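1. got a structure for you, letters missing:
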């Protein structure tokens, strides 16, 4: 099932008063650098530090009370896990989060801080799914997929609703693409209410499954998870592929170096803590400026959950010692 | 001369369309931690990365064209220098910036990026003033003091105007105090339009001249510049002391450890790049929560200009090698 505009409006109503209506910020110096007008939708300032809060909260809030009482379960080592735990706490619903044993300590702590019940498992997709299935069978908890879920997609679509209210003269909208929940939501919203707005995805060359899927006309899974953009390692689902194939204008590809330098640029010029995945759309614009010259380009800064003990542009102690 | 409400309104008109109307952001988790409602006025997102842009631009914009043509001069190693250079570039006015030889490279680069003419001098106040005097005599440039200037104070006062429009139910407003230009502007504005709002200053224990001046009833200069809050090492002037003595409710004192841990908290929870000085007011609230319990407390996040190569909570390579 593909969400409709009515589903996206219903999501906006569920989120009103709970999710932040995040600001759209601008920077003259970045505009000059890019040769266009950049409008940054700051979902790194969203509750839980990421846009994932919208989809997670919408999916939970829409559950019938008798289902919600059994709780929810997901497997994820990223922002979906944290945001689902936060949404569940706000709604008084138990949240079971299956994390791979090697998930960063900072992510484990964030889930625990929001009261999520953590189960650790081996770091394979099969082990994660098996553990989630076991919890589902034992507790009756509802499985909330991080992106292949119409309520999650509708929740992420509310970002485009807000952006078009905040900036009615928007011409382009760009977001990172991983599993495609965010990009699908933006595509559906823009197509319904502002069909002239071009919606683009952006992804690392090291995880370019959306690009290859569109190019080959069939779902090509991502087999490489080496990109620094740790939020962009998933693959499209049939549902998100169908939506993106129909409505997205294209996918911008960026290198690891471009992600890193753009992330630092955002911290320096915008004074915003943005995670590597969140820097990918601006990196795409800076790598392909000819596509957007002179236009009003919206960028979704997707999240700000970063380990502040060491920033990715800082050399490790070992590297410093070698020099 | 002390600025009037009319001067502050005139400043707001000069800044309209040029300065950012910075957002006021909130955080449920920080509210829970502090036991009150925090409203963060994000001047770290201001042009030039600091509230200083307001005072600098207002002072320049108010100059008669025949004076502006000779340019402006200041001595400062901080955000006033950067913001004056930016304001001057926007207005097509030459800006001469006297910097001590030991000013951080990052500050020198920022001034140069905005087209400021840099003169390096010995790192003493006497040498800085002598060099500024020399430039003034040679070029006819107007000296723009970083805080002891009614137009600068009026410019900073526009922060309180905006905040009270954005949050009419504000009960407390807290800002860092160094030379006192910002705190004076907030005091004058709040006293004129919302006299029930308590205005507080906050400063490091290592640079507590405002606290001591209020306590002793006379201007006590700051002799120590060891605080990590590099924007808070100046001393009040007679003008700012007079205003603050009359209108400020008090000064909160914080330790270096409190500044550091609060700075990190702001980065982690608010996803904002905030410099050490900008963390001082929240550190003051967290150190003295009993003063504000349950109230709606506005905090000015003053700036976000930080060297991203090494964050202050990160150990140096040498320290890591020792461990």
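-> Happy to help now that I have it. Model, not experiment: these values are computed from the prediction.

2. the residue lying closest to residue A:166 once chain neighbours are set aside and residue B:31, how far apart?
-> In space, and not counting its chain neighbours, residue A:166 is closest to residue A:24: 4.8 Å by Cβ to Cβ, 6 or more residues apart in numbering or on different chains. All C-beta spots, glycine's among them, are computed from the backbone N, C-alpha and C. Using Cβ to Cβ, to the nearest Å, we find residue A:24 at a distance of 24 Å from residue B:31.

3. which one's more surrounded, these two?
-> Neighbour comparison, residue A:24 and residue B:31: the larger count goes to residue A:24, with 19 against 14 (by other Cβ atoms under 10 Å in any protein chain shown).

4. wait, the more buried one sits on residue A:40?
-> Yes. Residue A:24 lies in contact with residue A:40 (Cβ atoms under 8 Å); the separation is 6.5 Å.

5. what sits closest to residue A:42 if chain neighbours are left out?
-> residue A:22 (4.7 Å).

6. shouldn't the one you found be in contact with residue A:50?
-> No. Applying Cβ under 8 Å, one finds residue A:22 not in contact with residue A:50, separated by 10.8 Å.

7. strands of chain A, residue ranges please.
-> A:24-25, A:37-42, A:72-75, A:95-100, A:117-121, A:142-143, A:172-176, A:198-204, A:250-254, A:296-301 (DSSP state E).

8. domain map for chain A?
-> A:5-46+A:149-301, A:53-143 (automatic domain parsing).

9. burial count for residue A:66?
-> 8.

10. and it, what is it in contact with?
-> Not one residue lies near residue A:66 by Cβ atoms under 8 Å, 6 or more residues apart in numbering or on different chains.

11. so how far is residue A:18 from it?
-> 22 Å.

12. need the overlap of contacts for residue A:24 and residue A:40.
-> residue A:298.

13. higher neighbour count, residue A:22 and residue A:50?
-> Between residue A:22 and residue A:50, residue A:50 has the larger neighbour count (other Cβ under 10 Å), namely 28 against 24.

14. partners of the more buried one in the sheet?
-> In this entry, residue A:50 is beta-bridged to residue A:303, by DSSP bridges.

15. next up, the contacts around it.
-> A:43-44, A:79, A:82-83, A:231, A:302-305.

16. closest one of those to chain B?
-> Nearest to chain B among the contacts of residue A:50 is residue A:304, at 3.3 Å by Cβ to the nearest Cβ.

17. quick one, which of the domains of chain A is packed in tightest?
-> domain A:5-46+A:149-301 (a mean of 21; mean count of other Cβ atoms under 10 Å in any protein chain shown).

18. how far away is residue A:3 from residue B:56?
-> 49 Å.

19. same question, residue A:198
-> Residue A:198 is 39 Å from residue B:56, by Cβ to Cβ.

20. which residue does the stretch 151-300 of chain A have closest to chain B?
-> Counting by Cβ to the nearest Cβ, the stretch 151-300 of chain A gets nearest chain B through residue A:271, at 3.4 Å.

21. how about the nearest residue to that residue, chain neighbours excluded?
-> Spatial nearest neighbour of residue A:271, chain neighbours left out: residue B:304 (3.4 Å); criterion: Cβ to Cβ, 6+ apart.

22. quick check: residues of chain A near chain B?
-> Taking Cβ under 8 Å from any Cβ of the partner chain as the measure of proximity, chain A contacts chain B at A:20, A:23, A:25-26, A:28, A:44-45, A:47, A:49, A:264, A:267-268, A:270-274, A:304, A:308-311, A:313-314, A:317, A:320-321.

23. where does the closest residue to chain B within the stretch 1-150 of chain A fall, phi/psi-wise?
-> The stretch 1-150 of chain A approaches chain B most closely through residue A:23 (4.2 Å), counting by Cβ to the nearest Cβ. Main-chain torsions, residue A:23, degrees, to the nearest 10: phi -70, psi 160.

24. thought it was touching residue B:23?
-> Yes. Residue A:23 lies in contact with residue B:23 (Cβ under 8 Å); the separation is 4.2 Å.

25. point out where the stretch 51-200 of chain A drops to low pLDDT.
-> In the predicted model, the stretch 51-200 of chain A carries no residue with pLDDT under 70.

26. swap in 80 and give it another go.
-> For the stretch 51-200 of chain A, the stretches with pLDDT under 80 are A:77, A:104, A:106.

27. can you list the residue ranges for helices in chain A?
-> For chain A, the helices defined by DSSP state H occupy A:5-15, A:28-34, A:52-61, A:65-68, A:79-91, A:105-113, A:125-139, A:150-166, A:181-193, A:209-216, A:238-247, A:256-265, A:276-287, A:317-322.
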